[in-house]
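*Asks:* here is my input, please return the structure:
(chains A and B)
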Number of protein chains: 2
Amino acid sequence: MEYLTNDKLVIVGAAGMIGSNMAQTALMMHLTPNICLYDPYAPALEGVAEELRHCAFEGANITFTSDVKDALTGADYIVNSGGAARKAGMTREDLLKGNAQIAEQFGKDVRQYCPGVKHIVVVFNPADITGLITLIYSGLKPSQVTTLAALDSTRLQSELSKYLHLPAAEIVNCRTYGGHGEQMAVFASTTEINGKPLNTIIGTEKLPMEDWEELKLRVIQGGKNIIDLRGRSSFQSPAYLSIEMIAAAMGGKPFRWPAGVYVNNDKFSHIMMAMETSITKDGVKVMPIKGTPAEDQELEKSYAHLCALRDEVIGMGVLPAIDKWHDLNKNIH
Amino acid sequence: MEYLTNDKLVIVGAAGMIGSNMAQTALMMHLTPNICLYDPYAPALEGVAEELRHCAFEGANITFTSDVKDALTGADYIVNSGGAARKAGMTREDLLKGNAQIAEQFGKDVRQYCPGVKHIVVVFNPADITGLITLIYSGLKPSQVTTLAALDSTRLQSELSKYLHLPAAEIVNCRTYGGHGEQMAVFASTTEINGKPLNTIIGTEKLPMEDWEELKLRVIQGGKNIIDLRGRSSFQSPAYLSIEMIAAAMGGKPFRWPAGVYVNNDKFSHIMMAMETSITKDGVKVMPIKGTPAEDQELEKSYAHLCALRDEVIGMGVLPAIDKWHDLNKNIH
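*Replies:* From the prediction side, this is the model:
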């Protein structure tokens, strides 16, 4: 069996539904035979390892450990879905603080055990924030950390496909940037449907404004809808898309969707958010985007939301003030 | 995106953990873009369809329905994991009868809605029996129906790999035939470890007889062990392996493990059981196996167990007496 590389890929949170699917997906994509499963919850982790061994993937070398040092030592690539789920009685802030602290510890562990890691994809929510925290504490370069941010765009494609009764393949280049869900900025002008930009269709009889607003709401509630229908959180799509991201970082097929990336330019500063990117063996690069003035304004609003969330985490003491970031990570300016 | 075929693949039981993984696996293997998800439980089914659409598999044409006629009409290939799970208070017989009746209805549906189907893989337990019932009621040829029977063999490979501290790749051609779990017949003489047949290692200090018996027990309890560790039934490995089977039937990569197949020869008659097979576009063919006299005897014992189970289902009235099978299916002699 040919694999893309022999590099060590670590799946963090491998005992969970997303993590276990990631491991299977990575093996089926033949990314690398050397997959290390990590999760603090040892019994389920062993169960996942057993399942994967029973698949008998040719040439696979599957290891698992609940010792973070063992897991991360020698890691070349990491995909991390190891956040905590919301539990009964937890407020939004509790969840935010809990996952922010998990990301902080993860960043520190990366710095200590695998400073030579090539690329990390962060999946656990809120990924824009957990990815940012990971980046700052790990000491890695901004080009080495991305977050899963594609689901709003793929959900937009899916909803348009259903509404217009067209195959998804005919709805090209769906793009949302900035934050996730309610905070997303839809760049309808970038989407082409049978060669026509989506923004020229919105508000016509093909897609009346009211229907478009409802459609966007369905995109925003895409995750909630899965829970309502399936009785469990979405796991197949986040797993699959994040492994597509790490595949691109390994030098595989280019990733086709927006990714969360650290942005610090004249418009947006000290933030991680969904942007147009290119992910290659050299890491992630922010690519220019061109929207209508209204779309640009949406993105600025989305950015402002993310800044408020970031500042909340600074207020919690998980992240230091922005002017101290460089002290923690020399690659952050 | 290149697919192996454009034929319609129907996943029966697609709302479940095995079925939803099957659909993702088939799409990731690029078997066919035309995947139809069927499950009587509509909400979760829609949730699975949504998840798969959010993956944005290129060129995929995913449909879903809870109408069995819609699902099966035009089906070229079917993988069926749509059995019932054991519920509290259910006896083994209740479960057997329930799933036998589901298989009967499925066979009848195939005959009515897709008599032109090319191949069916049956996964739900006891697969030797549900596959047999499907075959008889569908009217298909024995070459067109197989059942998932590989897990005992892959679990044997996995357990040997762990015990001997060798990569799985160095444990070649693990084979169990006949029934599943406690009923399996291990053909240790067919397995090679560093060029040495496994049966010449058993009983030596490398693998003392007592350890071998314990190892076999771990193979038999492989499924139970997953439940204990993970808190849920095994789903990734049955899904993956059964899609490998249908891939072979579509003309893809040869399947590397034993499969459940209808056998009617001078030694074993009117039974479905794990055998050495070849699965190609022309269907499944039973291949000769050569064991030691002790292994042959094990297989005869396993066959006798399966005959008893088959006769139990005949006693329940789900299957008619063997001499009436030909009336139901002219391809059965």
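
*Asks:* make it CA atoms for all contacts and neighbour counts henceforth
*Replies:* OK.

*Asks:* strands along the stretch 51-200 of chain A, start to end?
*Replies:* Counting by DSSP state E, counting those that start in this stretch, the stretch 51-200 of chain A has strands at residues A:61-65, A:77-80, A:119-122, A:145-147, A:171-172, A:176-178, A:184-186, A:192-193, A:196-197.

*Asks:* neighbouring contacts of the fourth one?
*Replies:* Contacts to strand A:145-147, defined as CA atoms under 8 Å, 6 or more residues apart in numbering or on different chains, come from residues A:119-123, A:127-128, A:131, A:134-135, A:259-262, A:284.

*Asks:* do that again at 6 Å, thanks
*Replies:* With CA atoms under 6 Å, 6 or more residues apart in numbering or on different chains as the test, strand A:145-147 has contacts from A:H119, A:I120, A:V121, A:V122, A:V123, A:A127, A:G131, A:G260, A:V261.

*Asks:* one more: the fifth one?
*Replies:* Outside strand A:171-172, the residues that touch it by CA under 6 Å, 6+ apart are A:T191, A:E192, A:I193.

*Asks:* before we move on, what about the longest one?
*Replies:* Outside strand A:61-65, the residues that touch it by CA under 6 Å, 6+ apart are A:P33, A:N34, A:I35, A:C36, A:L37, A:Y38.

*Asks:* up against chain B, what does the stretch 1-150 of chain A have?
*Replies:* A:P43, A:A44, A:G47, A:E51, A:H54, A:C55, A:G59 (CA under 6 Å from any CA of the partner chain).

*Asks:* mean pLDDT, mean neighbour count and distance to B:K162 for the strands of the stretch 51-200 of chain A - can I get that in TSV?
*Replies:* Rendered in TSV, the data for the strands of the stretch 51-200 of chain A read as follows (pLDDT from 0 to 100; neighbours: other CA atoms under 10 Å in any protein chain shown; distance: least, CA to CA, whole Å):
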stretch	mean pLDDT	mean neighbour count	distance to B:K162
strand A:61-65	97	19	11
strand A:77-80	98	26	25
strand A:119-122	98	28	30
strand A:145-147	98	30	35
strand A:171-172	96	20	48
strand A:176-178	97	30	47
strand A:184-186	95	24	48
strand A:192-193	96	18	53
strand A:196-197	96	16	56
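
*Asks:* low pLDDT regions in chain A?
*Replies:* Confidence mapping of chain A against pLDDT under 70 gives zero matching residues.

*Asks:* most remote residue from it's center?
*Replies:* No residue in chain A has its C-alpha farther from the mean C-alpha position than A:E205, which lies at 35.0 Å (CA atoms, centre = their mean).

*Asks:* hmm, back to that, what is the nearest of the residues of the stretch 1-150 of chain A next to chain B to A:I18?
*Replies:* A:A44 (13.0 Å; CA to CA).

*Asks:* these two touch, right, that closest one and A:A15?
*Replies:* Yes - taking CA atoms under 6 Å as the contact criterion, A:A44 and A:A15 are neighbours in contact, 5.3 Å apart.

*Asks:* list the buried ones in the helix or strand harbouring A:Q297?
*Replies:* Taking DSSP states H and E as the criterion, A:Q297 maps to helix A:293-315. For helix A:293-315, the neighbour count (16 or more other CA atoms under 10 Å in any protein chain shown) marks A:295-296, A:298-307, A:309-313 as buried.

*Asks:* circling back to that earlier point, of the residues of the stretch 1-150 of chain A next to chain B, buried ones?
*Replies:* With neighbours counted using 16+ other CA under 10 Å, the residues of the stretch 1-150 of chain A next to chain B contain these buried positions: A:P43, A:A44, A:G47, A:E51, A:H54, A:C55, A:G59.

*Asks:* what's the fifth one in contact with, if anything?
*Replies:* What that stands for is A:H54. The neighbours of A:H54, taking CA under 6 Å, 6+ apart as the test, are B:T154, B:R155, B:S237.

*Asks:* from A:I133, how far off is the residue nearest to A:V313 when sequence neighbours are not counted?
*Replies:* Spatial nearest neighbour of A:V313, chain neighbours left out: A:L319 (6.0 Å); criterion: CA to CA, 6 or more residues apart in numbering or on different chains. Counting by CA to CA, to the nearest Å, the gap from A:L319 to A:I133 is 7 Å.

*Asks:* more crowded one of these two?
*Replies:* When A:L319 is set against A:I133 and neighbours are counted by other CA atoms under 10 Å in any protein chain shown, the residue ahead is A:I133, at 26 against 21.

*Asks:* check which helix or strand covers A:A247.
*Replies:* Short version: A:A247 belongs to helix A:236-249, going by DSSP H and E.

*Asks:* list of residues touching whichever helix or strand comes after that helix?
*Replies:* Note on helix A:236-249: by DSSP H and E, the next helix or strand toward the C-terminus is strand A:259-263. Surrounding strand A:259-263, the residues in contact under the criterion CA under 6 Å, 6+ apart are A:P142, A:T146, A:T147, A:L148, A:A149, A:I271, A:M272, A:M273, A:A274, A:M275.

*Asks:* run the angle between strand A:259-263 and helix A:236-249 for me.
*Replies:* Counting by axes from the mean of the first three to the mean of the last three CA atoms, to 10 degrees, strand A:259-263 points 60 degrees away from the direction of helix A:236-249.

*Asks:* ok, residues contacting the helix or strand just after strand A:259-263?
*Replies:* Past strand A:259-263, heading to the C-terminal end, the next element that is a helix or strand (DSSP H and E) is strand A:271-275. Contact partners of strand A:271-275, identified using CA under 6 Å, 6+ apart, comprise A:D128, A:L132, A:A149, A:Y177, A:G178, A:G179, A:P258, A:A259, A:G260, A:V261, A:Y262, A:V263.

*Asks:* is it possible to get a markdown table of these that adds distance to B:Q101?
*Replies:* Supplementary listing: those in a markdown table, determined by distance: CA to CA, whole Å:
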| residue | distance to B:Q101 |
| --- | --- |
| A:D128 | 50 |
| A:L132 | 55 |
| A:A149 | 45 |
| A:Y177 | 51 |
| A:G178 | 53 |
| A:G179 | 50 |
| A:P258 | 48 |
| A:A259 | 49 |
| A:G260 | 50 |
| A:V261 | 54 |
| A:Y262 | 57 |
| A:V263 | 59 |
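
*Asks:* let me know the closest of these to chain B.
*Replies:* When those are compared for distance to chain B, the smallest value, 12.0 Å, is given by A:A149; criterion: CA to the nearest CA.

*Asks:* not counting residues beside it along the chain, what's closest to the closest one?
*Replies:* Counting by CA to CA, 6+ apart, the nearest residue to A:A149 once its immediate chain neighbours are dropped is A:A259, at 5.0 Å.

*Asks:* same check, this time on A:M316
*Replies:* Computed as CA to CA, 6+ apart, the closest residue to A:M316 that is not its neighbour in sequence is A:K97, at 7.3 Å.

*Asks:* list the residues that contact A:V110.
*Replies:* Taking CA under 6 Å, 6+ apart as the definition, contacts of A:V110 comprise A:S138.

*Asks:* ok so, going back, mind checking how far the helix holding A:A247 is from the chain centre?
*Replies:* Its chain's C-alpha centre and that of helix A:236-249 lie 8 Å apart, by CA atoms, centre = their mean, to the nearest Å.

*Asks:* likewise for stretch A:261-278?
*Replies:* Averaging C-alpha positions (CA atoms, centre = their mean) puts stretch A:261-278 14 Å from its chain's average.

*Asks:* first-to-last residue distance for that stretch?
*Replies:* Start and end residues of stretch A:261-278 are separated by 10 Å (CA to CA).

*Asks:* check stretch A:114-124 too.
*Replies:* 20 Å.
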